[in-house]
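A.B. asks: sequence and predicted structure below; questions after.
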Amino acid sequence: MKLKCIIVDDSLTQRLAVSKLITAHKNLTLIGEYSNAIEAKQGIKKEDVDLIFLDVEMPVINGFDFMESLIKSPQIILISGKPDYAVKAFEYNITDYLQKPISPSRLDIAIRRAVDRYEQIHGIHNEEEHIFVKSNLKKRKVILNKVKWIEALGDYIKLVSDEANVIVLSTLTAFENELPKEKFLRIHKSYIVNLDKIERFSGKNVEVEGKLLPLSRHKRENLEKALEKI
């Protein structure tokens, strides 16, 4: 799936940087670039736009004023050089908030959110991939895209998901072999994470819905490569 997107930013340098990232992304098609909000509004009237990469700090009409002026808004990914606007930004129901400079891995996370939201809005549902696990002497169906991470607990593992946590008698290594490698990655001796659930990561941690999971130093390169393929 490719989302049709535009860039609205008064900085030519920033537009070129974002344009380069968009052009290289498999889920995006760039259909327009605008240096101000007035030109962008005219462009939206002529084209069906799924996603806008919008700079906050623009002269005359800033990013927030632009969003308020839209009668029907596409998804918005706000871009700023400052973290100060983040809280206010999410009051506008934006898809994501990116701070300059934008890294390819952080952009990937934002685009996955945009694609997921697009599919939800338009009723596009893929068959839910699942596995069965044995917990409390019963077989339980686990929807894989709802699993956030898997954590080692001695002779057991804990599946943390959007629905409920499930305790399974298994080693992390054995369970890892049951998971699709393109969706799940071992980031630490005690943790496997769902790549689609990652919000951000540093040299030491991976963040999933506000929870910091440890990231082994020798696993970071594998994580970066895995995120690039999504």
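C.D. replies: Okay, I see it. Numbering: from 1, shown residues only.

A.B. asks: for stretch 77-95, buried residues please.
C.D. replies: I77, L78, I79, S80, Y85, A89, I94, T95 (16 or more other CB atoms under 10 Å). Glycine gets a C-beta too; all of them are placed from N, C-alpha and C.

A.B. asks: out of the residues you listed, which are inside strands?
C.D. replies: Among these, the residues falling in strands (DSSP state E) are I77, L78, I79, S80.

A.B. asks: tabulate the buried residues of stretch 77-95 (a markdown table), appending pLDDT and distance to Q42.
C.D. replies: A markdown table is the format used below for the buried residues of stretch 77-95 (pLDDT from 0 to 100; distance: CB to CB, whole Å):
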| residue | pLDDT | distance to Q42 |
| --- | --- | --- |
| I77 | 97 | 21 |
| L78 | 96 | 21 |
| I79 | 95 | 21 |
| S80 | 93 | 24 |
| Y85 | 89 | 25 |
| A89 | 88 | 24 |
| I94 | 94 | 22 |
| T95 | 95 | 23 |
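
A.B. asks: from these, pick the one nearest S170.
C.D. replies: The closest of these to S170 turns out to be T95 (CB to CB; 36.0 Å).

A.B. asks: apart from its neighbours in sequence, what residue is nearest the closest one?
C.D. replies: Leaving out its chain neighbours, the residue that sits closest to T95 by CB to CB, 6 or more residues apart in numbering is Q75, at 4.5 Å.

A.B. asks: doesn't V49 make contact with the one you found?
C.D. replies: No - with contact defined as CB atoms under 8 Å, Q75 does not reach V49; the gap is 9.0 Å.
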